[in-house]
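>>> Generate coordinates for the sequence data below:
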Amino acid sequence: MDKFGRIGAISAVSPPTSAEARRHRPPLGLTRGGPLPLHLQISEELRRQVSAGELHPGDLLPSEGGLMERFGVSRGTIRQALAALRGDGTIAGSRGRPPVVRGPRLAQPFSELLSFSAWISSLGMRPTGVVIEFARRPADRETAEALVIRLGAPVHHLVRLRCADDEPLMIERTAFAPRVGELVATIDLANQSIYEQLGRRGIVFDSARQLIDAVASTSQDAKLLHVPARTPLLRVRRNAFSPTGEPLEWSEDRYLADRIAFTIDNTASDASVVRRLGREGGR
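Numbering: from 1, shown residues only. Alright, predicted model coming up:
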């Protein structure tokens, strides 16, 4: 107050609003003008939080707006950071879906013929299936040759999404030999293991021949697995046999490559060409 009783000018200036304070607040843990771009600094910080247990598998990340406020950067920078995290499998969810933290990669050994349900259960997770299609259709040439049946013979075809703790991991597309398909039609395909239920009915899957390669997801694959189109997938094409060598199924399974890894134990004395199918391809 001056000698005339007037309030000084400084007292007439309003304190900054919360929005103004946020705008002038230094970004959280970021170094501007450094050798590492801002979006990579953000993705590294979020990876650190996952590794440290501050973010857990299944947790939702904040919205793009929330991350913009937290790090003090533009929406484009946040989207670049999220794209990097999707690319290495740290998070799931495409544009328009909330980003979800993923767990570590699940390793599936090719040491024995084991169902997907049994393998996932052994990891302490809950296996489920979503039936996309189950119908009788004429066998195409590839199916007929694999199952040793005539071209055009009716066979049961199954398309099923397989999940662990409700997380989509794999799509299976299977054609069953005629007598096997009739039994599969009596199984609760959403909740039961096909191999286990067929075993109780006297159908034993004893061995399998498989080919593993990589493919890009189709539009249907991407929709079912909640990933962008053309996402890399691991593909396992498999012909499974009974103890007498009778073909029982011809299958093509497609796995999320950033969630699943295959392991194979070999010895120098193992000269077998036909490998037994491991946990990664079971049903």
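
>>> ok, for Pro243, nearest residue in space, not its chain neighbours?
In space, Pro243 comes closest to Asp206 once its chain neighbours are excluded; the distance is 4.3 Å by Cβ to Cβ, 6 or more residues apart in numbering. The C-beta positions use only the backbone N, C-alpha and C, and glycine is treated the same way.

>>> Mind jotting down where the strands sit in this structure?
In the chain, the strands defined using DSSP state E lie at 91-92, 100-101, 106-109, 127-138, 154-164, 167-176, 207-216, 232-241, 247-256, 260-263.

>>> Wait, the residue nearest to Pro243 touches Leu113, no?
Yes: between Asp206 and Leu113 there is a contact at 7.1 Å, judged by Cβ atoms under 8 Å.

>>> OK, contacts around the residue nearest to Pro243?
113, 241-243 (Cβ atoms under 8 Å, 6 or more residues apart in numbering).

>>> which one in these is the model shakiest on?
The lowest pLDDT within the contacts of Asp206 belongs to Leu113, with 72.

>>> wait, doesn't that one sit right on Phe205?
Yes: between Leu113 and Phe205 there is a contact at 5.7 Å, judged by Cβ under 8 Å.

>>> Mutual contacts of those two, please.
195, 240.

>>> So between those two, which is more surrounded?
More crowded of Leu113 and Phe205, by other Cβ atoms under 10 Å: Phe205, with 23 against 19.

>>> Now the more buried one: closest residue in space, sequence neighbours ignored.
Leaving aside its sequence neighbours, Phe205 sits nearest to Ala240 (Cβ to Cβ, 6+ apart; 5.0 Å).

>>> Neighbours of the one you found, how many?
As a burial measure, Ala240 scores 27 neighbours (other Cβ under 10 Å).

>>> try Phe116
By other Cβ under 10 Å, the residues close to Phe116 number 26.

>>> now do Gly152
Using other Cβ under 10 Å, Gly152 has 12 neighbouring residues.

>>> Ramachandran coordinates for it?
phi 90, psi 0 (degrees, to the nearest 10).

>>> gap between the spatially closest residue to Val148 that is not a sequence neighbour and Thr90?
Distance criterion Cβ to Cβ, 6+ apart; nearest residue to Val148, sequence neighbours excluded, is Pro247 at 5.5 Å. For Pro247, the distance to Thr90 equals 41 Å [Cβ to Cβ, to the nearest Å].

>>> same deal with Gln197?
36 Å.

>>> Also Gly202?
45 Å.

>>> Counting neighbours, go ahead and name the busier of these two.
Thr90 (20 against 8).

>>> related to what we said a few turns ago, the residue nearest to Phe205 against Ile203, yeah?
No: using Cβ under 8 Å, Ala240 makes no contact with Ile203, being 10.3 Å away.

>>> who touches both of the two?
Leu248.

>>> that older thread, now that we have the contacts of Asp206, which of them are buried?
113, 241-242 (16 or more other Cβ atoms under 10 Å).

>>> would you turn these into a markdown table with distance to Pro57?
Shown next, in a markdown table, are the buried ones among the contacts of Asp206 (distance: Cβ to Cβ, whole Å):
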| residue | distance to Pro57 |
| --- | --- |
| Leu113 | 28 |
| Phe241 | 37 |
| Ser242 | 38 |
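
>>> Ala222: which of the residues you listed is nearest?
When the buried ones among the contacts of Asp206 are compared for distance to Ala222 (Cβ to Cβ), Leu113 comes out closest, at 29.7 Å.

>>> okay, now the domains of the chain?
9-101, 106-281 (automatic domain parsing).

>>> most tightly surrounded among the ones you listed?
Among the domains of the chain, domain 106-281 has the highest mean neighbour count (mean count of other Cβ atoms under 10 Å), at a mean of 17.

>>> Where does pLDDT dip in the stretch 101-250 of the chain?
Applying pLDDT under 70 to the stretch 101-250 of the chain picks out residues 110-112.
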